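> Structure here, sequence nowhere to be found:
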C-alpha cells in the first residue's frame, strides 16, 4: 500500500513540475527529417512483412491518394491493429513498429468530412493491402 502511495505521489509531482515549467503534453509537429525517418522505418519493416502467410483475412484497403492522406493513414492504422492480432509472434514486433511510426505521423486535429470512412473501402487480401500501404507510404515521401 505504501508503495502505491509513493508511486502516485511521484507521478503527481512530475505532472505538476511539467505543468509549472511549461512543457507541453501535446504532440509536437514533426520536422520533415523526422517525418522522413518514420516513413523510411515503416517501409523497411513493411518490406519484411511482404511474405507473411495471411490470405484468410480481408482488410479494408484505402486507395485515396492526395486529398485524404490523414484519413487514409488512419484507415491503414486500424487495419494494422487487426493484422497484429493474427500474425506469428516473430512478425508481431514489425507490425507494432510500423504502427508506432505511423501514429507519429497522425494529426489528431485533422478532419475532412469528404473523405471516405474506412469501412467504405474495398476489402482485399493481405498481398494487395501490403502493396497499397507501400504505395501510400511512397507517395507520402514525395
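Done, it's in. The shown structure was predicted, so the numbers you read here are calculated from the model rather than taken from an experiment.
> use CA for all of it now, contacts and neighbours both
Fine.
> Residue 34 is in what secondary structure piece?
Residue 34 belongs to helix 32-48 when assigned by DSSP states H and E.
> Can you name the element that comes right after that helix?
Read in the C-terminal direction, the helix or strand following helix 32-48 is strand 59-60, with elements assigned using DSSP H and E.
> neighbours of residue 129, just the number please.
For residue 129, the tally of surrounding residues (other Cα atoms under 10 Å) stands at 21.
> shift numbering so it begins at 38
Got it, the first residue is 38 from now on, which makes the last one we talked about residue 166.
> Can you read off the pLDDT for it?
The per-residue pLDDT reported for residue 166 equals 94.
> any idea which element it lies in?
Here residue 166 is covered by helix 163-178, with elements defined by DSSP H and E.
> what angle separates that helix from helix 69-85?
Orientation check (axes from the mean of the first three to the mean of the last three Cα atoms, to 10 degrees): helix 163-178 against helix 69-85 gives 160 degrees.
> ok, and the closest non-adjacent residue to residue 132?
On the basis of Cα to Cα, 6 or more residues apart in numbering, the spatially nearest residue to residue 132 that is not a chain neighbour turns out to be residue 121, at 6.0 Å.
> Likewise for residue 129?
Spatially, and ignoring its direct neighbours in sequence, residue 129 is nearest to residue 121 (5.6 Å; Cα to Cα, 6+ apart).
> Please apply the same query to residue 112.
Closest residue to residue 112 apart from its sequence neighbours, by Cα to Cα, 6+ apart: residue 155 at 5.3 Å.
> Isn't the one you found up against residue 110?
No: the pair residue 155 and residue 110 fails to qualify as a contact (Cα atoms under 8 Å) at a distance of 10.0 Å.
> which residue packs closest to residue 82, ignoring adjacent ones?
Computed as Cα to Cα, 6+ apart, the closest residue to residue 82 that is not its neighbour in sequence is residue 131, at 5.6 Å.
> Quick check, that neighbour in contact with residue 84.
No: judged on Cα under 8 Å, residue 131 makes no contact with residue 84 at a distance of 9.8 Å.
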